[in-house]
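S.K.: Structure for the following, please:
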Amino acid sequence: MSGKRTGVKRGTALAMAMVLGLGLILGGCASAMVSEVKQTGPIMLQPIQPQPDASKIKSGLAVYYFRNLYKSIYEIPKGKNMLLEGKPGPPLPELNRRFGPEQKIFDSGLDMGVGMFIYGYLRFPKAGEYAFRAMANDGVRLLLNGQMILNDPFVHGDKFTGPTTVTATEAGLYEFQMFYYQRKGTARLELHWQTPDMNAFAPVPPEAYAHLPGKGPLE
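M.R.: Numbers count the residues shown, from 1 in each chain. Below is the predicted model of the structure:
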């Protein structure tokens, strides 16, 4: 009898372990599929203080390029590794770009396996609610004042993220950071907004982007 009971216990333990393992796998898959920013209300944002010296501000956004066949935003270097593995490029005048097969992506000199960290400022023309969404191929993440606004981190074809709504308390410059990568094939990156004066989304215009020349990504 003791042998039979031991066998039953072992069988029960094995079944429980298999169920637990399956649950962990499914749980991991479910978390990996989450790509949108969960939102219960507008994200409140205030202009950065102090505002950058207007005489030193230039149009466009600063950028660092990385070379790798990334599979998610999480793989793009962060912190000091960004400086070690990345290479700065000329400022980007705007983000409304689409690239076909074998076309060089922005000023990276590469047609595939490109990662980017884009940073600077976004100019809000007035206080009020602004909705954002991004068209990307592949992954993209947008942060304003360090808060995650859009997040679509995994490999995919052309598709919109979001939308996410923020409330700007005042007109002015807000900190802008974006991670983006393209793995293979075609590429696309667009940022759209709907301002308080607009009835529909439109690409963020070049005059809304700004940066401080010489300012590094960790400063």
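S.K.: ok, which stretches of the chain are helices?
M.R.: 2-33, 80-85 (DSSP state H).
S.K.: Next, count neighbours for Asp152.
M.R.: Neighbourhood size, Asp152 [other C-beta atoms under 10 Å]: 22. For the C-beta atoms, the positions are set from N, CA and C on the backbone; glycine is no exception.
S.K.: residues near the residue nearest to it when sequence neighbours are not counted, how many?
M.R.: Excluding its sequence neighbours, the residue lying closest to Asp152 (C-beta to C-beta, 6 or more residues apart in numbering) is Thr161, at 4.2 Å. Using other C-beta under 10 Å, Thr161 has 25 neighbouring residues.
S.K.: follow-up on the earlier one: and the helices of the chain, which one's lowest on average pLDDT?
M.R.: Lowest mean pLDDT within the helices of the chain: helix 2-33, a mean of 40.
S.K.: Need the contact partners of stretch 84-101.
M.R.: Applying C-beta atoms under 8 Å, 6 or more residues apart in numbering, the contact partners of stretch 84-101 are 58-66, 77, 105-108, 111, 117-118, 178, 182, 185-191, 203-206, 209, 211, 213, 217.
S.K.: Give the bridge partners for the residue nearest to the spatial centre of the chain, please.
M.R.: Taking C-alpha atoms, centre = their mean, the centroid of the chain lies closest to Arg141, which sits 0.7 Å from it. When assigned by DSSP bridges, Arg141 has beta-bridge partners Asn151, Phe179.
S.K.: And His192, by the same measure?
M.R.: Counting by DSSP bridges, His192 forms beta bridges with Arg133, Pro203.
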